[in-house]
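A.B. asks: need a structure here:
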Amino acid sequence: YFKHQAKAHLESDYGKRIYAQRKIDVETVFGRMKGVFGMRRVHVRGNQAVHNDIGLMLMSMNLTKLILELRRKGGHPSTSSEKGKKNNEGHLKPTVFIVLFLLRTGFFPAPFCTAVLSLSRKGSNN
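C.D. replies: Residues are numbered from 1 along each chain as shown. Coordinates of the predicted model:
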């Protein structure tokens, strides 16, 4: 009963539009998680640990989007690219990925990461 109902819904015009939109909205996020960030599975146990791990991954994905947007708008000089070069994630500063990797893998406790980030902000103001 439910299979037939789902099939009929997907074959309708409305269902086809919704399913076509899924490729744009949902699949690209998981594709970036696997392809760009290398996250094929979660390596922790427990609901809270999985929630934290996925949350850090999504935050790092949002940070890369933010950096790319700042670069496009001519934002922070350390992330701006040279004219004529294509803007993509491969040209980001390596330190961004190192910091995100260290935050994600949990090598340092949260107060240490906060101190390092605040020190880096003070150094960039000079």
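
A.B. asks: give me the number of residues near residue 23?
C.D. replies: Residue 23 has 10 neighbouring residues, counting by other Cβ atoms under 10 Å. The way it works is simple: take the backbone N, C-alpha and C, and place the C-beta from them, glycine included.

A.B. asks: likewise for the one 10 residues further on?
C.D. replies: Neighbouring residues of residue 33 were enumerated by other Cβ under 10 Å; the total is 17.

A.B. asks: where's it, which helix or strand?
C.D. replies: Per DSSP states H and E, residue 33 falls inside helix 27-35.

A.B. asks: mind saving the C-alpha coords of that helix as PDB?
C.D. replies: Backbone C-alpha positions of helix 27-35 (Å, rounded to 0.1, in the frame of the first residue of the first chain) are rendered in PDB as follows:
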ATOM      1  CA  GLU A  27      22.700  15.800  -2.200                       C
ATOM      2  CA  THR A  28      25.300  18.600  -2.700                       C
ATOM      3  CA  VAL A  29      25.800  19.000   1.100                       C
ATOM      4  CA  PHE A  30      26.500  15.300   1.600                       C
ATOM      5  CA  GLY A  31      28.700  15.300  -1.600                       C
ATOM      6  CA  ARG A  32      30.800  18.100  -0.200                       C
ATOM      7  CA  MET A  33      31.000  16.400   3.200                       C
ATOM      8  CA  LYS A  34      32.400  13.300   1.500                       C
ATOM      9  CA  GLY A  35      34.400  14.800  -1.400                       C
END
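
A.B. asks: average model confidence for the next helix or strand after it?
C.D. replies: Beyond helix 27-35 on the C-terminal side, the first helix or strand identified by DSSP H and E is helix 47-72. Averaged across helix 47-72, pLDDT comes to 86.

A.B. asks: in helix 47-72, what's buried?
C.D. replies: 53, 57, 60, 61, 64, 67, 68, 71 (16 or more other Cβ atoms under 10 Å).
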